[in-house]
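# Okay, here's the prediction I keep looking at, along with the sequence it came from:
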Amino acid sequence: MTHPSDHAGPSGPGGHAEHTGRPLPAALALGFAGTALTCLLLREHLLLFCGNTLAMAASLAVLPLAMAAGTVLGRRRPAGRDPADQLAPLLGFLALCLPATLALASLVRPGLARLAGTALAPLAVLGSGLVAFLPVGLCLGIGLALVADVAGRKAPAPAARLPLPLAVPLAGVLGALFVQFVAIPKLSPLNACLDIGIGCAGAGLLCAAGAPGGRRLESWLSLLALLFVLLLPVSGLIDARLQAFAWQCPIDAIPATPRAAQVLARQEAPGRPSPTGLPTGLAVAALLAGALVALGDRKRLPGLSPDAARAAAAGLAEAAALVGLLLLYDLYAGALFVHLPALAAAFLAGETLGVCRGLGRREPSGLPAPALAPPCPAALAGAAAGCVLVPLVSALLS
């Protein structure tokens with residue numbers, strides 16, 4: 001879709017307003033908050049699913065699907081709207097999603113377990129995944145699409161010290177490390193979400209100050225940050241009440257580990273991958289990714305161009321690698337609940353190194369590689385398939 005603002009030139013005698021915007025604060029906030037919240041939610045799911053790591057991994061498939069939907073929505077902004085004006089309200093909405101999704105994940109557990117008959121039923125896993133990851137996935141997809149749009153439409157400027165493509169994975173590493181070394185030992189989950197939400201509101205203020213029509217949002221974001229600050233002293237009490245409601249038990253009986261959760265719930269034993277099931281699941285994912293590439297190069301697959309087939313295969317392989325890393329650690333170390341954010345940080349550190357190498361790459365034409373590309377829906381759909389395929393095959397063979 002073409003917008004009138006796409007044809008606006010730089011400011012000068014012609015009277016056109018120069019396109020402005022600050023995509024870097026938004027990229028840092030999206031990477032940090034998205035990764036930190038995902039780590040917190042996966043830990044909550046591991047607890048709410050009674051230590052079932054396979055169910056936890058399968059629920060993660062909702063996140064890339066929601067991001068794919070958000071990417072499509074982010075590209076369909078209203079005509080005449082500058083994408084830089086939408087970064088600040090998006091970050092404000094993301095700040096609201098942080099504590100809200102964490103609270104909803106606990107509030108819906110009794111109802112889903114009662115409706116499905118058990119906390120580990122497919123309906124409960126899907127419902128918990130939708131409640132937890134749908135809002136944040138939509139925010140991340142829309143936000144990354146807007147950041148890419150703003151960065152692509154900005155007037156040429158000197159190279160930044162932190163390249164924009166590097167900002168998102170690097171902020172993700174910092175977000176995972178924040179959860180591992182700050183949130184887990186010193187904060188309650190809700191307290192950590194409020195702290196991250198304050199940071200998102202601050203990034204929104206920076207984006208609003210640099211947007212053509214976004215300054216009117218600065219007061220709203222300031223009030224949101226003030227509200228989160230006022231909630232910090234009582235966040236621990238709220239967390240305890242939410243967990244007590246989720247488990248329908250007194251506060252002093254809230255389980256602190258997946259093993260205690262399984263004993264309390266008295267449900268089926270925690271689902272863990274077997275030494276044969278997990279390698280088989282990874283092998284099936286690798287074969288499917290290779291088949292997508294091979295078939296996509298030979299003939300057009302239904303609804304997939306050759307480029308989309310390669311993107312879907314890459315997304316499937318990457319998600320299978322992440323899920324396989326988490327499940328392998330749980331299989332051989334048995335401490336996934338404690339070290340999940342550190343594993344995510346290590347995985348994202350590898351992603352960051354890959355981006356660093358890609359920044360120096362040049363296209364066959366001799367031009368530098370594009371500075372930032374919006375998320376690819378085909379790759380995200382492949383990632384969702386990888387998140388489901390590996391746990392499913394592992395469960396069938398375990």
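All right, it came through fine.
# Which helix in the chain has the most residues?
Counting residues, the longest helix found in the chain (DSSP state H) is helix 122-153.
# ok, and for it, which residues are buried?
124-151, 153 (16 or more other Cβ atoms under 10 Å). For the C-beta atoms, the positions are set from N, CA and C on the backbone; glycine is no exception.
# can you give me the helices for the stretch 151-300 of the chain?
Counting by DSSP state H, counting those that start in this stretch, the stretch 151-300 of the chain has these helices, from start to end: 164-178, 184-186, 189-209, 218-231, 235-247, 258-265, 277-298.
# Chain neighbours aside, what residue packs nearest to residue 75?
residue 145 (5.7 Å; Cβ to Cβ, 6 or more residues apart in numbering).
# now residue 183
residue 192 (3.7 Å).
# Report the contact partners of that neighbour.
36, 40, 178, 179, 182, 183 (Cβ atoms under 8 Å, 6 or more residues apart in numbering).
# pLDDT weak spots in the stretch 101-250 of the chain?
112-121, 154-161, 213-218, 248 (pLDDT under 70).
# Kindly recompute the last result at 80.
Filtered on pLDDT under 80, the stretch 101-250 of the chain yields the residue ranges 106, 108-125, 152-163, 210-219, 244-250.
# burial of the spatially closest residue to residue 222 that is not a sequence neighbour, as a residue count?
Nearest residue to residue 222, sequence neighbours excluded (Cβ to Cβ, 6+ apart): residue 205, at 6.9 Å. Residues lying near residue 205 (other Cβ atoms under 10 Å) number 24.
# Test my guess that residue 205 contacts residue 221.
Yes. Look at residue 205 against residue 221 with Cβ atoms under 8 Å: they come within range, at 5.2 Å.
# Give the residues shared as contacts by those two.
Common contacts of residue 205 and residue 221, defined by Cβ under 8 Å, 6+ apart, comprise residue 88.
# What sits closest to residue 286 if chain neighbours are left out?
Using Cβ to Cβ, 6+ apart, the nearest residue to residue 286 is residue 317, at 6.7 Å.
# Give me the pLDDT value at that neighbour.
Looking at residue 317, its pLDDT reads 91.
# what does residue 62 give?
Residue 62 is given a pLDDT of 92.
# Next up, the contacts around it.
Residue 62 makes contacts with 126, 129, 130, 132, 133, 134, 137, 384, as judged by Cβ under 8 Å, 6+ apart.
# Out of these, which is nearest to residue 330?
Set against residue 330, the nearest of these by Cβ to Cβ is residue 129 (18.5 Å).
# can you pull the contacts of the closest one?
Residue 129 makes contacts with 45, 58, 59, 60, 61, 62, 63, as judged by Cβ under 8 Å, 6+ apart.
# quick one, the host helix or strand of the last one and helix 122-153 angle?
Here residue 63 is covered by helix 62-75, with elements defined by DSSP states H and E. Calculated by axes from the mean of the first three to the mean of the last three Cα atoms, to 10 degrees, helix 62-75 forms an angle of 40 degrees with helix 122-153.
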